[in-house]
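**Q** quick one: sequence and predicted model below, then my questions.
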Amino acid sequence: MIISPGRGYIFVHIPKTGGTSMALALEGRAKKDDILIGDTPKALRRRKRLKGVKTAGRLWKHSTLADLDGLVSLQEIGAAFCFTLVRNPWDRAVSYYHWLREQRFDHPAVRRAQTMTFSRFLAEPHTQKSFRKNPYPRAMIAADGNEHADLYIRLEHFEEDAAHLWQHLGFKLELPHENASARSQSHRNYYSDKDAETLAACCAEDIARFSYRF
């Protein structure tokens, strides 16, 4: 997550949507008063600035707008250009599965991914619950209960959608390709018809809103 008072934007980093690449590109042009929250190099150097800050939720790279209450006011959120990246849910689920398989920390999701096929992992109630309760717009809801999203950039239509961001910034950024996982290029190779339907049911809200197809 990045909060830039100088450039008037708030970038919300939804997991497994290409957000690390966006964060790195943005921090390359960061102003001195920008608040960088995450594990990118510049964010790590600036994290002492947040010491002692009390917020409604956890301050980490995947914080939501609601989490920021106590650090950023609703007035500041309302005045900022708030944006995030989204991704085809079927593709994102595959990326998430492979990311979990590469991790070394102790967590039930990690253990499931490392001991199950993708199909079995997707069939797990815990996996489905996680997808169902975290549609993309949830990250853009602030403490007032309202959605504050000026732009959702679809990863698959990046050049088209990001034009609105470049217009706000006054310049264009080149994004590096970070955190690529070792997986088949096409997400379709991972799904049976039943699996595809399962994911569609879990992510129906995002699929309808952002016009995604399998």
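**A** It's in. Numbering: from 1, shown residues only.

**Q** what is the burial count for residue 114?
**A** Residues near residue 114, counting by other C-beta atoms under 10 Å, number 14. Where C-beta positions appear, they are placed from N, C-alpha and C, glycine not excepted.

**Q** check the secondary structure at it for me.
**A** The assignment at residue 114 comes out as helix when based on DSSP: H, G, I helix; E, B strand; the rest coil.

**Q** low-scoring stretches of this structure, by residue?
**A** Flagging of the chain using pLDDT under 70 yields the residue ranges 178-182, 184.

**Q** the helices in it, which residues?
**A** Ranges of helices within the chain are 19-27, 41-46, 74-79, 89-101, 108-115, 118-123, 125-132, 158-169, 193-202, 204-209, based on DSSP state H.

**Q** what residues of the second one count as buried?
**A** Right, helix 41-46. 42, 43, 46 (16 or more other C-beta atoms under 10 Å).

**Q** right, and the last one touches residue 38 too?
**A** What it means is residue 46. No: if you go by C-beta atoms under 8 Å, residue 46 and residue 38 don't touch, sitting 9.9 Å apart.

**Q** quick revisit: closest to residue 93 out of the buried residues of helix 41-46?
**A** Ranked by distance to residue 93 (C-beta to C-beta), the buried residues of helix 41-46 are led by residue 43 at 26.8 Å.

**Q** thanks a lot, catch you later.
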